[in-house]
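Asker: Provide a 3D model corresponding to the input given below.
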Amino acid sequence: MRTLDLDFQRRRPASAAGWALLAAGALAAVWVFHTGERVAAETAAFEDSVRRIERTLPGAARAPATTAENKAQEAVLADMRRVVAQLNLPWNGLFASLESIVTSDVALLSLTPDARKRQLRISAEARNLGAMLAFHRRLEETGRVRDVALVTHEIGEQAPERPVRFNIVATWVVDDARP
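Answerer: Presented below is the predicted three-dimensional model:
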């Protein structure tokens, strides 16, 4: 039987393709570095020319903004941020969940959302007290609102059906992890 000779540390000589690949990588790195330097120099030259042109424009000698102007701009920006925050809320999900719980026994009269406080005021009319309480319970179970509270209710004594008008206030649950 022949002896088996295993040599796990034997080094193979580097191939020509390996050396060529190393040289090509080094040349590419030098070329990228040189190109980056040239682009940076061109960018600085363009920025200098833009500054020079801006100084020659007629409105270039404008005085810096006063504190009153800064405060006015900050107020406008705050208003814009508030409007954008209100527009980014998931209105469709809220309306869909409200539409899904309304039955023929309950009619929504008005919906007043306060997006800043994340509160919702619902004015509705129900055929009877049982329908009003069932609507209240279904509203709590939706998961879109919490802290559902019946604020007022009034039984219509003059109408023969004796409908119940009521107002509900709830806190709107908004997932802030939206993309």
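Asker: pretty sure residue 168 contacts residue 139?
Answerer: Yes - between residue 168 and residue 139 a contact is recorded at 6.8 Å, counting by Cβ atoms under 8 Å. Glycine gets a C-beta too; all of them are placed from N, C-alpha and C.
Asker: For stretch 38-54, what does the pLDDT average out to?
Answerer: Averaging pLDDT along stretch 38-54 gives 92.
Asker: Return the distance of it from the chain's centre.
Answerer: 36 Å (Cα atoms, centre = their mean, to the nearest Å).
Asker: May I see the buried residues of that stretch?
Answerer: Across stretch 38-54, burial judged by 16 or more other Cβ atoms under 10 Å covers no residue at all.
Asker: Pull that stretch out as CSV, backbone CA atoms only.
Answerer: What follows is stretch 38-54, C-alpha atoms only, in CSV (Å, rounded to 0.1, in the frame of the first residue of the first chain):
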residue,chain,number,x,y,z
ARG,A,38,-10.3,66.8,-10.8
VAL,A,39,-14.1,66.9,-10.0
ALA,A,40,-13.4,68.5,-6.6
ALA,A,41,-11.3,71.2,-8.3
GLU,A,42,-13.9,71.9,-11.0
THR,A,43,-16.6,72.1,-8.3
ALA,A,44,-14.6,74.6,-6.3
ALA,A,45,-14.1,76.7,-9.5
PHE,A,46,-17.8,76.6,-10.3
GLU,A,47,-18.7,77.7,-6.8
ASP,A,48,-16.3,80.6,-7.0
SER,A,49,-17.9,81.7,-10.3
VAL,A,50,-21.4,81.4,-8.9
ARG,A,51,-20.4,83.6,-5.9
ARG,A,52,-18.8,86.1,-8.2
ILE,A,53,-21.9,86.3,-10.4
GLU,A,54,-24.2,86.6,-7.4
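Asker: Adjust the sequence numbering to begin at 619 for everything that follows.
Answerer: Got it, the first residue is 619 from now on, which makes the last one we talked about stretch 656-672.
Asker: ok, residue 740 - how many residues close by?
Answerer: Residue neighbour count, defined by other Cβ atoms under 10 Å, stands at 23 for residue 740.
Asker: Got phi/psi on it?
Answerer: Dihedral pair for residue 740: phi -120, psi 130, per degrees, to the nearest 10.
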